[in-house]
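# Dropping the sequence and predicted coords here.
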Amino acid sequence: MIKVENLVKYFNNEAAVNQVSFEIAEAENLVLLGTSGCGKTTTLRMINRLLEPDSGRVWIQGTDTSLQDPSKLRRGIGYVLQHHGLFPHFTVAENIAVVPKLLNWKEDAIRKRTFELLEKLRLPAQIAGLYPQNLSGGQQQRVGLARSLMVNPPVLLMDEPFGALDALTRRDIRVEFRQLEELKNKTILMVTHDVQEAFELGDRICLMDKGEIQQIGTAMDLLFNPANAFVRSFFSDQRTQLEFKTVMLTDLFTSRGVPSKVSVWDVLENRTDAGAEIPELPDILTAFENFKRR
Ligand SMILES: Nc1ncnc2c1ncn2[C@@H]1O[C@H](COP(=O)(O)OP(=O)(O)OP(=O)(O)O)[C@@H](O)[C@H]1O
Ligand SMILES: [Mg+2]
(Lines give C-alpha, C1' and ligand atoms only; values in the text may rest on other atoms or scores of the structure.)
(Ligands and ions follow the chains in the order given, each with its own letter.)
Protein backbone atom coordinates (compact mmCIF):
# COMPACT_ATOMS: atom_id res chain seq x y z
CA MET A 1 0.00 0.00 0.00
CA ILE A 2 2.77 2.44 1.01
CA LYS A 3 6.33 1.82 -0.07
CA VAL A 4 9.17 4.06 0.99
CA GLU A 5 12.58 3.50 -0.55
CA ASN A 6 15.89 5.01 0.59
CA LEU A 7 14.51 8.36 1.69
CA VAL A 8 17.18 10.93 2.50
CA LYS A 9 16.72 14.47 3.79
CA TYR A 10 19.48 16.86 4.83
CA PHE A 11 19.09 20.03 6.87
CA ASN A 12 22.19 22.22 7.20
CA ASN A 13 24.50 19.47 5.92
CA GLU A 14 23.20 16.98 8.45
CA ALA A 15 21.04 14.02 7.57
CA ALA A 16 17.70 14.31 9.42
CA VAL A 17 16.57 11.17 7.59
CA ASN A 18 19.07 8.74 6.13
CA GLN A 19 18.24 5.84 3.78
CA VAL A 20 14.87 5.10 5.32
CA SER A 21 12.94 2.27 3.65
CA PHE A 22 9.80 0.42 4.70
CA GLU A 23 6.54 -0.95 3.39
CA ILE A 24 3.11 -0.79 4.97
CA ALA A 25 0.50 -3.32 3.94
CA GLU A 26 -3.11 -2.40 3.34
CA ALA A 27 -4.98 -1.88 6.63
CA GLU A 28 -1.75 -2.19 8.59
CA ASN A 29 -0.74 0.23 11.34
CA LEU A 30 3.00 0.92 11.35
CA VAL A 31 4.30 3.01 14.22
CA LEU A 32 7.38 5.21 13.85
CA LEU A 33 9.00 5.24 17.26
CA GLY A 34 12.05 7.13 18.43
CA THR A 35 13.43 9.91 20.61
CA SER A 36 12.88 13.59 19.88
CA GLY A 37 14.66 14.77 16.76
CA CYS A 38 15.30 11.34 15.26
CA GLY A 39 13.49 12.24 12.03
CA LYS A 40 9.93 10.95 12.51
CA THR A 41 8.05 14.08 11.43
CA THR A 42 10.48 14.65 8.57
CA THR A 43 9.80 11.11 7.31
CA LEU A 44 6.03 11.62 7.53
CA ARG A 45 6.16 14.93 5.68
CA MET A 46 8.06 13.40 2.79
CA ILE A 47 5.26 10.88 2.31
CA ASN A 48 2.58 13.50 1.64
CA ARG A 49 5.14 15.81 0.00
CA LEU A 50 4.98 18.64 2.48
CA LEU A 51 8.74 18.14 2.18
CA GLU A 52 10.63 16.97 -0.89
CA PRO A 53 13.29 14.32 -0.21
CA ASP A 54 16.86 14.90 -1.34
CA SER A 55 16.73 11.38 -2.69
CA GLY A 56 14.57 8.29 -2.47
CA ARG A 57 11.07 7.45 -3.61
CA VAL A 58 7.59 6.91 -2.22
CA TRP A 59 4.79 4.88 -3.77
CA ILE A 60 1.21 4.91 -2.58
CA GLN A 61 -1.13 2.30 -4.03
CA GLY A 62 1.49 1.58 -6.67
CA THR A 63 1.81 5.19 -7.85
CA ASP A 64 5.12 7.04 -7.59
CA THR A 65 4.08 10.11 -5.57
CA SER A 66 6.76 12.29 -7.17
CA LEU A 67 4.75 12.08 -10.41
CA GLN A 68 1.54 13.27 -8.76
CA ASP A 69 0.36 16.81 -8.17
CA PRO A 70 1.30 17.45 -4.48
CA SER A 71 -1.93 19.15 -3.45
CA LYS A 72 -4.03 16.50 -5.12
CA LEU A 73 -1.95 13.82 -3.42
CA ARG A 74 -2.47 15.45 -0.02
CA ARG A 75 -6.23 15.61 -0.40
CA GLY A 76 -6.26 11.82 -0.61
CA ILE A 77 -4.15 11.29 2.52
CA GLY A 78 -5.48 12.03 5.99
CA TYR A 79 -2.94 13.95 8.04
CA VAL A 80 -3.10 14.49 11.78
CA LEU A 81 -0.48 17.06 12.68
CA GLN A 82 1.72 17.07 15.74
CA HIS A 83 -0.01 19.45 18.27
CA HIS A 84 -3.38 19.00 16.46
CA GLY A 85 -2.66 21.77 13.91
CA LEU A 86 -6.15 23.29 13.91
CA PHE A 87 -6.58 26.77 12.45
CA PRO A 88 -7.20 29.06 15.45
CA HIS A 89 -9.41 31.53 13.56
CA PHE A 90 -11.68 28.77 12.16
CA THR A 91 -14.48 27.17 14.14
CA VAL A 92 -14.44 23.41 14.66
CA ALA A 93 -16.91 22.94 11.79
CA GLU A 94 -14.83 25.18 9.50
CA ASN A 95 -11.64 23.35 10.43
CA ILE A 96 -13.23 20.01 9.65
CA ALA A 97 -14.63 21.26 6.34
CA VAL A 98 -11.36 22.42 4.78
CA VAL A 99 -10.62 19.40 2.58
CA PRO A 100 -14.24 18.60 1.58
CA LYS A 101 -14.61 22.23 0.45
CA LEU A 102 -11.51 21.91 -1.71
CA LEU A 103 -13.15 18.84 -3.20
CA ASN A 104 -16.36 20.83 -3.85
CA TRP A 105 -18.57 18.83 -1.55
CA LYS A 106 -22.09 20.22 -1.12
CA GLU A 107 -22.81 22.08 2.15
CA ASP A 108 -25.37 19.46 3.15
CA ALA A 109 -22.97 16.58 2.69
CA ILE A 110 -20.27 18.40 4.67
CA ARG A 111 -22.66 19.10 7.53
CA LYS A 112 -23.92 15.53 7.63
CA ARG A 113 -20.44 14.02 7.66
CA THR A 114 -19.24 16.56 10.25
CA PHE A 115 -21.93 15.63 12.77
CA GLU A 116 -21.52 11.94 12.01
CA LEU A 117 -17.81 12.13 12.86
CA LEU A 118 -18.32 14.30 15.94
CA GLU A 119 -20.65 11.63 17.24
CA LYS A 120 -18.33 8.76 16.36
CA LEU A 121 -15.46 10.50 18.10
CA ARG A 122 -17.68 11.20 21.10
CA LEU A 123 -17.58 14.96 20.73
CA PRO A 124 -20.68 16.99 21.64
CA ALA A 125 -22.40 18.49 18.59
CA GLN A 126 -22.39 21.94 20.22
CA ILE A 127 -18.63 22.27 19.80
CA ALA A 128 -19.05 22.65 16.02
CA GLY A 129 -19.43 26.40 16.44
CA LEU A 130 -16.56 26.84 18.91
CA TYR A 131 -12.99 27.90 18.23
CA PRO A 132 -10.14 25.48 19.02
CA GLN A 133 -8.89 27.52 22.01
CA ASN A 134 -12.24 26.88 23.73
CA LEU A 135 -11.80 23.10 23.64
CA SER A 136 -9.87 20.86 25.99
CA GLY A 137 -6.64 19.32 24.71
CA GLY A 138 -8.35 15.97 24.24
CA GLN A 139 -11.19 17.54 22.29
CA GLN A 140 -8.75 19.42 20.06
CA GLN A 141 -6.97 16.18 19.24
CA ARG A 142 -10.25 14.43 18.44
CA VAL A 143 -11.21 17.31 16.14
CA GLY A 144 -7.84 16.95 14.43
CA LEU A 145 -8.62 13.27 13.94
CA ALA A 146 -12.13 14.06 12.68
CA ARG A 147 -10.69 16.49 10.15
CA SER A 148 -8.29 13.86 8.82
CA LEU A 149 -11.14 11.33 8.44
CA MET A 150 -13.67 13.63 6.73
CA VAL A 151 -13.22 12.45 3.15
CA ASN A 152 -12.57 8.87 4.28
CA PRO A 153 -9.03 8.56 2.89
CA PRO A 154 -7.55 5.04 2.70
CA VAL A 155 -4.23 6.29 4.08
CA LEU A 156 -3.68 8.18 7.33
CA LEU A 157 -0.49 9.83 8.56
CA MET A 158 -0.67 10.67 12.24
CA ASP A 159 2.02 12.68 13.98
CA GLU A 160 1.84 12.18 17.75
CA PRO A 161 -1.97 12.18 17.63
CA PHE A 162 -2.24 11.95 21.42
CA GLY A 163 0.90 13.92 22.20
CA ALA A 164 -0.70 16.82 24.08
CA LEU A 165 -2.62 14.63 26.51
CA ASP A 166 -1.84 13.50 30.04
CA ALA A 167 -1.02 9.82 30.54
CA LEU A 168 -4.48 8.79 31.80
CA THR A 169 -6.44 10.50 29.03
CA ARG A 170 -3.98 9.05 26.54
CA ARG A 171 -4.66 5.55 27.77
CA ASP A 172 -8.43 6.01 27.48
CA ILE A 173 -8.17 7.51 24.00
CA ARG A 174 -5.94 4.63 22.88
CA VAL A 175 -8.58 2.12 23.92
CA GLU A 176 -11.22 4.03 21.96
CA PHE A 177 -8.89 4.44 19.04
CA ARG A 178 -8.43 0.69 18.71
CA GLN A 179 -12.19 0.20 18.65
CA LEU A 180 -13.00 2.94 16.16
CA GLU A 181 -14.74 1.43 13.16
CA GLU A 182 -13.63 4.30 10.88
CA LEU A 183 -10.01 3.29 11.38
CA LYS A 184 -10.28 -0.47 10.97
CA ASN A 185 -9.54 -0.63 7.25
CA LYS A 186 -7.13 2.26 7.03
CA THR A 187 -3.46 2.02 6.26
CA ILE A 188 -1.86 4.05 9.03
CA LEU A 189 1.58 5.43 9.67
CA MET A 190 1.61 6.80 13.19
CA VAL A 191 4.41 8.66 14.91
CA THR A 192 5.00 8.49 18.63
CA HIS A 193 7.80 8.65 21.15
CA ASP A 194 5.67 6.75 23.68
CA VAL A 195 6.73 3.12 23.89
CA GLN A 196 3.48 1.87 25.48
CA GLU A 197 1.49 3.59 22.76
CA ALA A 198 3.64 2.04 20.05
CA PHE A 199 3.18 -1.44 21.52
CA GLU A 200 -0.56 -1.06 21.97
CA LEU A 201 -1.37 0.45 18.59
CA GLY A 202 1.24 -0.78 16.14
CA ASP A 203 0.91 -3.96 14.11
CA ARG A 204 4.61 -3.40 13.58
CA ILE A 205 7.04 -0.87 14.98
CA CYS A 206 9.78 0.98 13.13
CA LEU A 207 12.34 2.15 15.67
CA MET A 208 14.50 5.07 14.51
CA ASP A 209 17.56 6.77 15.90
CA LYS A 210 19.48 9.73 14.46
CA GLY A 211 17.62 9.60 11.15
CA GLU A 212 18.14 5.89 10.60
CA ILE A 213 15.98 2.83 11.08
CA GLN A 214 17.36 0.56 13.79
CA GLN A 215 14.76 -2.18 13.43
CA ILE A 216 11.33 -2.83 11.96
CA GLY A 217 9.25 -5.64 13.36
CA THR A 218 6.53 -6.75 15.70
CA ALA A 219 6.69 -5.94 19.40
CA MET A 220 7.81 -9.54 19.89
CA ASP A 221 10.70 -9.10 17.40
CA LEU A 222 11.93 -5.91 19.03
CA LEU A 223 11.80 -7.33 22.55
CA PHE A 224 13.13 -10.82 21.97
CA ASN A 225 15.23 -10.46 18.82
CA PRO A 226 16.71 -6.97 19.02
CA ALA A 227 18.78 -6.10 15.96
CA ASN A 228 21.46 -4.22 17.90
CA ALA A 229 22.46 -2.75 21.26
CA PHE A 230 20.42 0.41 20.66
CA VAL A 231 17.20 -1.57 20.27
CA ARG A 232 18.01 -3.66 23.33
CA SER A 233 18.67 -0.65 25.53
CA PHE A 234 15.76 1.42 24.17
CA PHE A 235 13.22 -0.68 26.04
CA SER A 236 15.30 -1.41 29.13
CA ASP A 237 13.43 0.69 31.71
CA GLN A 238 10.04 -0.82 30.87
CA ARG A 239 11.19 -4.18 29.59
CA THR A 240 9.47 -6.47 32.09
CA GLN A 241 6.09 -4.81 31.71
CA LEU A 242 6.39 -4.73 27.91
CA GLU A 243 7.27 -8.42 27.83
CA PHE A 244 4.32 -9.31 30.07
CA LYS A 245 2.00 -7.30 27.82
CA THR A 246 3.38 -8.74 24.60
CA VAL A 247 3.52 -12.45 25.43
CA MET A 248 0.12 -14.10 25.12
CA LEU A 249 -0.96 -17.24 26.94
CA THR A 250 -1.27 -18.88 23.53
CA ASP A 251 2.47 -18.24 23.03
CA LEU A 252 3.17 -20.21 26.21
CA PHE A 253 0.66 -23.04 26.16
CA THR A 254 -0.29 -25.17 23.22
CA SER A 255 -3.07 -26.94 25.06
CA ARG A 256 -6.54 -26.27 23.78
CA GLY A 257 -8.85 -24.18 25.87
CA VAL A 258 -6.29 -21.47 26.66
CA PRO A 259 -8.07 -18.26 25.70
CA SER A 260 -6.63 -16.23 22.82
CA LYS A 261 -5.63 -12.57 23.10
CA VAL A 262 -4.95 -12.81 26.82
CA SER A 263 -1.49 -11.61 27.81
CA VAL A 264 0.53 -12.57 30.87
CA TRP A 265 -0.07 -9.00 32.01
CA ASP A 266 -3.85 -9.47 31.77
CA VAL A 267 -3.57 -12.43 34.13
CA LEU A 268 -1.38 -10.49 36.57
CA GLU A 269 -3.88 -7.65 36.53
CA ASN A 270 -6.78 -10.04 36.93
CA ARG A 271 -8.33 -8.83 33.73
CA THR A 272 -9.52 -12.17 32.45
CA ASP A 273 -13.04 -13.35 31.86
CA ALA A 274 -14.63 -15.34 34.62
CA GLY A 275 -14.80 -18.98 33.63
CA ALA A 276 -11.88 -18.80 31.17
CA GLU A 277 -9.45 -21.71 31.49
CA ILE A 278 -6.43 -19.84 32.82
CA PRO A 279 -3.43 -21.94 33.94
CA GLU A 280 -2.14 -21.40 37.48
CA LEU A 281 0.05 -18.31 37.88
CA PRO A 282 3.25 -20.20 38.90
CA ASP A 283 2.87 -22.35 35.76
CA ILE A 284 2.44 -19.25 33.64
CA LEU A 285 5.54 -17.63 35.08
CA THR A 286 7.61 -20.80 34.59
CA ALA A 287 6.41 -21.08 31.01
CA PHE A 288 7.22 -17.39 30.51
CA GLU A 289 10.81 -17.88 31.75
CA ASN A 290 11.21 -20.88 29.45
CA PHE A 291 9.81 -18.88 26.55
CA LYS A 292 12.40 -16.15 27.12
CA ARG A 293 15.22 -18.68 27.19
CA ARG A 294 14.27 -20.20 23.86
N1 LIG B 1 12.84 22.75 8.46
C2 LIG B 1 13.92 22.36 9.12
N3 LIG B 1 15.07 23.06 9.04
C4 LIG B 1 16.18 22.64 9.70
N5 LIG B 1 16.25 21.53 10.45
C6 LIG B 1 15.15 20.81 10.57
C7 LIG B 1 13.92 21.16 9.91
N8 LIG B 1 12.97 20.25 10.22
C9 LIG B 1 13.59 19.35 11.01
N10 LIG B 1 14.88 19.68 11.23
C11 LIG B 1 15.84 18.89 12.02
O12 LIG B 1 15.79 17.56 11.60
C13 LIG B 1 15.88 16.65 12.69
C14 LIG B 1 14.66 15.74 12.70
O15 LIG B 1 13.51 16.50 13.00
P16 LIG B 1 12.05 15.88 13.13
O17 LIG B 1 11.11 17.00 13.31
O18 LIG B 1 11.84 14.99 11.96
O19 LIG B 1 12.19 15.02 14.45
P20 LIG B 1 11.08 14.18 15.24
O21 LIG B 1 11.59 12.78 15.31
O22 LIG B 1 9.75 14.39 14.65
O23 LIG B 1 11.16 14.82 16.70
P24 LIG B 1 9.98 15.12 17.77
O25 LIG B 1 9.70 13.81 18.46
O26 LIG B 1 10.62 16.09 18.71
O27 LIG B 1 8.82 15.69 17.06
C28 LIG B 1 16.02 17.51 13.92
O29 LIG B 1 17.38 17.62 14.24
C30 LIG B 1 15.47 18.84 13.50
O31 LIG B 1 16.07 19.91 14.21
MG1 LIG C 1 8.01 15.33 15.31
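Yes, it's here. Ligands and ions are numbered 1, 2, ... in the order given.

# where does the protein dip in pLDDT?
Scanning the chain for pLDDT under 70 picks out nothing.

# where's whatever residue of the stretch 151-294 of the chain ends up closest to ligand 1 relative to L207, distance?
For the stretch 151-294 of the chain, the residue closest to ligand 1 is H193, as judged by Cβ to the nearest ligand atom, at 5.0 Å. Where you see a C-beta, it was placed from the backbone N, CA and C, and this is true even at glycine. Distance of H193 to L207, computed by Cβ to Cβ, to the nearest Å: 11 Å.

# ok, those two, which is more surrounded?
In terms of neighbours (other Cβ atoms under 10 Å), L207 is the more surrounded of H193 and L207; the figures are 25 against 16.

# my guess is that one meets Q214, correct?
Yes: applying Cβ atoms under 8 Å, one finds L207 in contact with Q214, separated by 4.8 Å.

# isn't Q140 right up against P132?
Yes: using Cβ under 8 Å, Q140 is in contact with P132, at 5.5 Å.

# Quick check: neighbours shared by those two?
Here Q140 and P132 share the contacting residues H84, L86, scored by Cβ atoms under 8 Å, 6 or more residues apart in numbering.

# How is this structure divided into domains?
2-235, 247-294 (automatic domain parsing).

# so which of these is the most packed in?
Comparing the domains of the chain by mean neighbour count (mean count of other Cβ atoms under 10 Å), domain 2-235 comes out on top with a mean of 17.

# Straight-line length of that one, end to end?
27 Å (Cα to Cα, to the nearest Å).

# can you check stretch 48-66 too?
Stretch 48-66: ends 10 Å apart by Cα to Cα.

# Next: stretch 131-139.
11 Å.

# Tell me how far it lies from the chain's centre.
Between the centre of stretch 131-139 and the centre of its chain there are 22 Å (Cα atoms, centre = their mean, to the nearest Å).

# For that stretch, give me every contacting residue.
84, 86-92, 95, 123, 127, 140, 143, 164-165, 169, 173.

# again with stretch 65-72
By Cβ under 8 Å, 6+ apart, stretch 65-72 touches I47, R49, R57, V58, W59, L73.

# List the contacts of the closest residue to E243 other than its chain neighbours.
Using Cβ to Cβ, 6 or more residues apart in numbering and skipping the chain neighbours, the partner closest in space to E243 is L223 (5.7 Å). L223 makes contact with F235, R239, L242, E243, T246 under the criterion Cβ under 8 Å, 6+ apart.

# Can you get me a residue count around the second one?
Counted with other Cβ under 10 Å, the neighbours of R239 add up to 14.

# taking the contacts of stretch 131-139 one by one, which sit in helices?
Among the contacts of stretch 131-139, the members found in helices (DSSP state H) are V92, N95, Q140, V143, T169, I173.

# which SS state does the residue most central in space within the chain fall under?
Per Cα atoms, centre = their mean, the C-alpha nearest to the average position across the chain is that of M190, at 3.1 Å. Assigned with DSSP: H, G, I helix; E, B strand; the rest coil, M190 falls in the strand class.

# Tell me who's in contact with it.
N29, L30, V31, L32, L156, L157, M158, P161, L201, G202.

# Make a markdown table from these and add secondary structure and distance to ligand 1 to it.
Below are those laid out as a markdown table (DSSP: H, G, I helix; E, B strand; the rest coil; distance: Cβ to the nearest ligand atom, whole Å):
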| residue | secondary structure | distance to ligand 1 |
| --- | --- | --- |
| N29 | strand | 18 |
| L30 | strand | 15 |
| V31 | strand | 13 |
| L32 | strand | 8 |
| L156 | strand | 17 |
| L157 | strand | 12 |
| M158 | strand | 12 |
| P161 | coil | 13 |
| L201 | helix | 16 |
| G202 | coil | 16 |
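
# If we only consider those, which is nearest to E23?
If you rank the contacts of M190 by distance to E23 using Cβ to Cβ, L30 comes first, at 8.7 Å.

# Quick check: the closest one vs V155, distance?
11 Å.

# Just give me the residues shared between the contact sets of the two.
I188, L189.

# Could I get the full set of helices for the stretch 101-250 of the chain?
Secondary structure of the stretch 101-250 of the chain (DSSP state H, counting those that start in this stretch): helices at 107-120, 137-149, 167-179, 195-201, 219-224, 229-234, 239-246, 249-252.

# For T63, find the nearest of these.
Each of the helices of the stretch 101-250 of the chain has some distance to T63 by Cβ to Cβ; the shortest is helix 137-149, at 20.4 Å.

# now, which of the contacts of stretch 65-72 lie within strands?
Among the contacts of stretch 65-72, the residues falling in strands (DSSP state E) are R57, V58, W59.
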